[in-house]
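Asker: make a model of this:
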Amino acid sequence: MSLSASEIALVVADLRERASPAFLQRVRSIPEQGFLLELRVPGADRLLLVSLEPVASRMLLVEPGSTAARTPEGFARTLHQALAGSKLAGIAHDAGDRAVRLEFGGRSLVLELTGRHANAFLLDESGIIRSSYRPSQSRKRNLLWGLPYQPPLAKPDAPWATAPSRFAAGPGLHAAIAAAYELLAAQVVEIARRRAVLARLRGEARRLERLTEGLQRDLAESATAEVWRRQGELLKTAPADLPRGARSVRLVDWFDPATPELDVPLDPSLSLHANRERCFARARKFGRRPAAIAPRLEAARRDLRAALDDLEVLETAPWDDPDARVALERWLPAGAAPAAAPRRPRGPQEHVPYRSFRSADGHEILVGKSARDNDRLTFQLARGWEAWLHAAGAAGSHVVVRVPKGRPVTDSAVRDAALLALHYSKLGKGGEGEVYVARRCDVRRVRGGAPGQVTVTHERRVWVRIDPTRLRNLLEGAEEDPTSVSPNLRTKNR
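Answerer: Next up is the predicted model:
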């Protein structure tokens, strides 16, 4: 079961002593559903694990190396971009409930450790929800992005509200919680890995079934090789004055001892000679198939049997079954991060404020989608040394070229980014125009202006003309994004 309200109160009280105030260094993803907050306190580092697993939602300090943290993904990445470097000024616990609020210099991270509906919300200075770990399924609270956050409804008689703490306060509190959840956490991680592998394995089984059926059809077609060869030989005896456009010709079948007459089909668009060569070409093609297809068909059948056997084991065996673990490692090598099983989204997806492209020399180029997205891209995601571009004197997208600190952006990347800045602007229809190029640190918001309106200093200007081939290569290489919008911008930037 998840932590009760009294247990969360003990954890919060201990965190106030050991991890507040602190600075958030980074946010990491973990094998469980949740994330890891790396906090820096005077003279020490603290690792705060937040698990949002439905059966084991909890928060506790963990030792370095006790969990396989990795590069942030999804909500963890959003948190890292929004809060990294911020000061953890306070930790508040809703008395009698299982919600915890971490204050980061105006912004808040709310952790609802509520078991089946466990979730986390990132709030801005006004208490508006800007992101969440998963879409909220609450029927009593409206927790959509862009709306004010509403705390959980009070349930004083709920079992988790009245249950006594299983752990004692003191230095060993977090170790005791970690020990109590060690087996359950391992089970949760193993089930998540198995779920991801099952989705991959089912897809692989379907692919192998289609491959096997296709190879069987191709092999069956190879039996017609002799028929095509005989038709080609018979067409040698066809009258030379056969008119073009005929769909068949009646000939004597000299391969049959009874020498019957039969109709040999023709392609009306081809000449008699071309029809004859077509028959011989197909005879050669189908004649080569058995030698080429038979080994592939046998290998596909063998792989399909192995996939179906592993699928049966993973679907029926207990979570800690050794045979299931062997099958799991066969499809998910040790150390690989399990991909989330594909599922139909049941709520609003996390909004990505930019389109991502790749320049010819490998630099990542980010293009804002709207006025508010431009503002977030430039002032929250872009770093001061990175290149920033915008069409001169026209509404359009902010464009940022990602470069490592201390390295200059290449001319090739600037040309590609300028081409995208022109394309995603009002100047794009004209086919040419001027583009500002500057460093991000030389861009400032317009005081009192609309989102996306900026002033630029120390910029240079480049004249850009649309190169259809280069633009097509950039657009075709764009990363897939379910939240993408049309390039016909409706914003009024700059």
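Asker: ranges for the helices of the stretch 251-400 of the chain?
Answerer: Taking DSSP state H, counting those that start in this stretch, the helices of the stretch 251-400 of the chain run over residues 272-316, 322-331, 371-376.
Asker: quick one: mean pLDDT for the shortest one?
Answerer: Average pLDDT, helix 371-376: 92.
Asker: now stretch 400-416
Answerer: According to the model, stretch 400-416 has a mean pLDDT of 90.
Asker: before we move on, back to that, quick one: which of the helices of the stretch 251-400 of the chain is nearest residue 190?
Answerer: Comparing the helices of the stretch 251-400 of the chain against residue 190 with C-beta to C-beta, the closest turns out to be helix 322-331 (7.9 Å). Quick note: C-beta positions are derived from backbone N, CA and C, even for glycine.
Asker: so which elements touch the closest one?
Answerer: helix 173-221, helix 272-316 (3 or more C-beta pairs under 8 Å, 6 or more residues apart in numbering; DSSP states H and E).
Asker: gap between the shortest one and the chain center?
Answerer: Taking the mean C-alpha point of helix 272-316 and that of its whole chain, the gap between them comes to 34 Å (C-alpha atoms, centre = their mean, to the nearest Å).
Asker: what of stretch 248-258?
Answerer: The answer for stretch 248-258 is 62 Å, by C-alpha atoms, centre = their mean.
Asker: hang on, the earlier thing: lowest average pLDDT across the helices and strands packed on helix 322-331?
Answerer: Among these, helix 173-221 carries the lowest mean pLDDT (a mean of 85).
Asker: after that one, next one along is what?
Answerer: helix 225-235 (DSSP states H and E).
Asker: I'd like the helices and strands packed on helix 322-331 as CSV, with distance to residue 114 appended.
Answerer: Listed next are the helices and strands packed on helix 322-331 as CSV, based on distance: least, C-beta to C-beta, whole Å:
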stretch, distance to residue 114
helix 173-221, 16
helix 272-316, 30
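Asker: can I get those in JSON lines with distance to residue 466 and mean neighbour count?
Answerer: Output for the helices and strands packed on helix 322-331, formatted as JSON lines (distance: least, C-beta to C-beta, whole Å; neighbours: other C-beta atoms under 10 Å):
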{"stretch": "helix 173-221", "distance to residue 466": "40", "mean neighbour count": "16"}
{"stretch": "helix 272-316", "distance to residue 466": "45", "mean neighbour count": "15"}
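Asker: measure the residue nearest to residue 381 when sequence neighbours are not counted to residue 250 for me?
Answerer: Using C-beta to C-beta, 6 or more residues apart in numbering and skipping residues adjacent in sequence, the residue nearest residue 381 is residue 81, 5.9 Å away. Going from residue 81 to residue 250 by C-beta to C-beta, to the nearest Å gives 77 Å.
Asker: follow-up on the earlier one: which element, helix or strand, includes the residue nearest to residue 381?
Answerer: Short version, using DSSP H and E: residue 81 is in helix 75-83.
Asker: and residue 378, how far is that from residue 162?
Answerer: For residue 378 relative to residue 162 (C-beta to C-beta), the value is 50 Å.
Asker: so for those two, which sits in the more crowded spot?
Answerer: Remark: of residue 378 and residue 162, residue 378 carries more neighbours, 25 against 13, as counted by other C-beta atoms under 10 Å.
Asker: which residues touch that one?
Answerer: Residues in contact with residue 378 (C-beta atoms under 8 Å, 6 or more residues apart in numbering) are 368, 388, 398, 400, 440, 443, 454.
Asker: residue 34 now?
Answerer: Residue 34 sits in contact with 49, 50, 51, 52, 53, 133, where contact means C-beta under 8 Å, 6+ apart.
Asker: residues contacting the fifth one?
Answerer: For residue 53, the contacting residues are 32, 33, 34, 118, 185, 188, by C-beta under 8 Å, 6+ apart.
Asker: who touches the least confident helix or strand in the chain by mean pLDDT?
Answerer: In the chain, no helix or strand scores lower on mean pLDDT, DSSP states H and E than helix 159-162, which sits at a mean of 74. With contacts defined as C-beta under 8 Å, 6+ apart, helix 159-162 is touched by 1, 2, 4, 5, 96, 97, 98, 115, 155, 156.
Asker: in terms of model confidence, name the weakest of these.
Answerer: Out of those, that is residue 96, at 63.
Asker: is it fair to say residue 48 lies in a strand?
Answerer: Yes - counting by DSSP: H, G, I helix; E, B strand; the rest coil, residue 48 is part of a strand.
Asker: low-confidence stretches in the protein?
Answerer: 1, 95-96, 332-350, 478-494 (pLDDT under 70).
Asker: may I have stretch 433-452 as PDB, with CA atoms only?
Answerer: Extracted C-alpha coordinates of stretch 433-452, given in PDB (Å, rounded to 0.1, in the frame of the first residue of the first chain):
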ATOM      1  CA  GLY A 433      13.600  38.100 -46.700                       C
ATOM      2  CA  GLU A 434      15.900  39.300 -44.000                       C
ATOM      3  CA  VAL A 435      16.600  37.300 -40.800                       C
ATOM      4  CA  TYR A 436      18.000  38.500 -37.500                       C
ATOM      5  CA  VAL A 437      20.800  36.300 -36.000                       C
ATOM      6  CA  ALA A 438      21.900  36.900 -32.400                       C
ATOM      7  CA  ARG A 439      22.900  35.100 -29.200                       C
ATOM      8  CA  ARG A 440      20.100  34.300 -26.800                       C
ATOM      9  CA  CYS A 441      21.600  36.500 -24.100                       C
ATOM     10  CA  ASP A 442      21.200  39.500 -26.400                       C
ATOM     11  CA  VAL A 443      17.400  39.000 -26.500                       C
ATOM     12  CA  ARG A 444      15.100  40.800 -24.100                       C
ATOM     13  CA  ARG A 445      11.300  40.800 -23.500                       C
ATOM     14  CA  VAL A 446       9.400  44.000 -24.300                       C
ATOM     15  CA  ARG A 447       8.200  45.400 -21.000                       C
ATOM     16  CA  GLY A 448       4.500  45.200 -21.000                       C
ATOM     17  CA  GLY A 449       4.400  43.600 -24.400                       C
ATOM     18  CA  ALA A 450       2.500  40.600 -25.600                       C
ATOM     19  CA  PRO A 451       4.100  37.100 -25.300                       C
ATOM     20  CA  GLY A 452       6.800  36.600 -27.900                       C
END
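Asker: return the set of buried residues in that stretch.
Answerer: 433, 435, 436, 437, 438, 439, 440, 443, 451, 452 (16 or more other C-beta atoms under 10 Å).
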